[in-house]
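Q: quick one: sequence plus predicted model below, questions after.
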Amino acid sequence: MKVCPDRSRFIELAATCPRVPVVGERSVDSFNPAEAYHRLYGEAERSFLFESGKGPDETARYSFFGRANEKAISLRNNQFQIHNNGDRETVSLPASDALKRLNFEPGLDAIDHVDHFWGGWVGCLSYEMAHWFENIEPRVKDGLDLPLLFFFQVESLWVYDHRQAILKYIVALKIENDPESIHSQVKEELESGWREMDRFIEEVSNSAQNEIMPAPSLHSASLESNITQEEYERMVERAKTYIEEGDIYQANLAQRLSVKYESDPFPLYQRLRKVNPSPFSGYLKFDGLVLASSSPERLVKVVRDRVETRPIAGTRPRGKSEEEDVRLSAELLLNEKEKAEHLMLVDLERNDLGRICEHGSVHVTDLMFLEQYSHVCHIVSNIEGRLKPGVDVVDILAAVFPGGTITGCPKIRCMEIIDELEPSLRGPYSGSFGYIGFDRHLDLNIIIRTILVQSGRAHFHVGAGIVADSIPEKEWQETLDKAAAMIQALSGEPVG
């Protein structure tokens, strides 16, 4: 096992850095991060797996997994709960003050031997957190009794580099007193972690290739929506009226589907990942709540002073034959309605980044390229900028959350209309989950193509972008096209 930094460099860095990540790594071919996560941390109450199932190298290179230490923060019923070493404190704080606890830690600029996430906060922001950022008065309506926000702290984690086939175990403890004793503690943790991983690797090598665990057979007819087709189409007509009156240009409207689900959620994630491999997939557990996601969309990524967002807008179902697939893809890219909607949302995201970036630094690096997934294809763009000095996590979230592709444009007025028209709280759907590093690394997805499992029920939302010439029946059908991957994962149908 190669270890970096060595003891002398660790002591040197500890003189000015409050944390020094220590990496123990070695080459491991044909490694399955999902299987390793489930074996090592599947029983933990708070744990995570972030992996990339499909995409270019910059989005699919690394997978991360691990479990929480004893620190966490959550928001429920307008009360923040601070969890610390088994103690739980309920406090009333402005959202901005509570969220400052998630900020990047100062003094970590000298850490240059790890160029990716190496520890910090892992968690989720539900869509309704937007009310805190934009000061929108929420309506009282049906919800699932979920936290608006939860994050837990991670000081040790595994990272798999798919490009180089290298597995890393990283430990980054707080240095509060004697650096030499901390280094000894970190070394023991590295050795212990690798002993556990070696046992797992040996067991896998001595056994047959693991198959995806079976999911219970749930007929799609047992799914229950929070809205009928007729009610959804009336929502579409009402949104079109707002567009005609000049209130908005476009709005995303969603339905929620639910079904009884009392089995282990992890096979559900495995099936969803197999059915719909995506670049921002993940499995997140927090105190009885599970999110199984195959999201194709990034909300925001930060690496030191660079920030990027990756809007997706424009959808067609995949064809049943190669010829039909090519035709539908070409139709999507040439469709004037889809192109106009996408360009409008690219401008919205550019404006969002402009609030936190240096003047003139925001630019579109990739415009309107096609990405194909198992059941649908999308138009995607990528936008980057350079952060202003002093911008922190709260500033970033206030500027970009929630993503404009799942609200509409202009964002705030669309959020008010969504709040008016949709019968239920969205919860995690169209919110974000991911990580906020101790240093200036941050990556959050947009929660779509995601199943929430809690209290014996599975829930997921699907939406469609409504514009002036939208046909209500087709928008309803688009939501069903997007639901196909989740329905297949839940139904127990064969996964190829």
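A: Cool, the structure landed. Numbering: from 1, shown residues only.
Q: tell me the spacing between residue 162 and residue 184.
A: Distance, residue 162 to residue 184, using Cβ to Cβ, to the nearest Å: 32 Å. Every C-beta, even on glycine, is put in place using the N, C-alpha and C of the backbone.
Q: cool, residue 251 as well?
A: For residue 251 relative to residue 184 (Cβ to Cβ), the value is 57 Å.
Q: those two: which has the busier surroundings?
A: With other Cβ atoms under 10 Å as the criterion, residue 251 and residue 184 differ in neighbour count, and residue 251 comes out ahead with 28 against 12.
Q: just checking, that one is part of a strand?
A: Yes - residue state for residue 251 (DSSP: H, G, I helix; E, B strand; the rest coil) corresponds to a strand.
Q: report the contact partners of it.
A: By Cβ atoms under 8 Å, 6 or more residues apart in numbering, residue 251 lies in contact with 239, 242-243, 407-408, 414, 417-418, 465-466.
Q: would JSON lines of those with distance to residue 2 be doable?
A: As requested, these are exported to JSON lines (distance: Cβ to Cβ, whole Å):
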{"residue": "239", "distance to residue 2": "56"}
{"residue": "242", "distance to residue 2": "59"}
{"residue": "243", "distance to residue 2": "58"}
{"residue": "407", "distance to residue 2": "46"}
{"residue": "408", "distance to residue 2": "49"}
{"residue": "414", "distance to residue 2": "50"}
{"residue": "417", "distance to residue 2": "55"}
{"residue": "418", "distance to residue 2": "50"}
{"residue": "465", "distance to residue 2": "48"}
{"residue": "466", "distance to residue 2": "54"}
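Q: looking at those, which are in helices?
A: Within the contacts of residue 251, residues falling in helices by DSSP state H are 239, 242-243, 414, 417-418.
Q: run the chain-centre distance for stretch 63-70.
A: Its chain's average C-alpha position is 15 Å from that of stretch 63-70, according to Cα atoms, centre = their mean, to the nearest Å.
Q: and residue 280, how many neighbours?
A: Applying other Cβ under 10 Å, we find 31 residues neighbouring residue 280.
Q: where does the residue lying closest to it once chain neighbours are set aside fall, phi/psi-wise?
A: Excluding its sequence neighbours, the residue lying closest to residue 280 (Cβ to Cβ, 6 or more residues apart in numbering) is residue 445, at 3.8 Å. Dihedral pair for residue 445: phi -90, psi 180, per degrees, to the nearest 10.
Q: tell me how far residue 445 lies from residue 432.
A: 6 Å.
Q: scan this structure for its longest helix.
A: Longest helix in the chain, counting by DSSP H: helix 179-205.
Q: what does the helix or strand just after that helix contact?
A: Remark: after helix 179-205, the chain's next helix or strand is strand 224-225, criterion DSSP states H and E. By Cβ under 8 Å, 6+ apart, the surrounding residues in contact with strand 224-225 are 255-259.
Q: I'd like to know which of the residues you listed are buried.
A: 255-259 (16 or more other Cβ atoms under 10 Å).
Q: just name the closest of these to residue 368, please.
A: Proximity of the buried ones among the contacts of strand 224-225 to residue 368 (Cβ to Cβ) peaks at residue 255, which lies at 27.6 Å.
Q: can you tell me which residues contact that closest one?
A: 225-227, 232, 461-463, 479.
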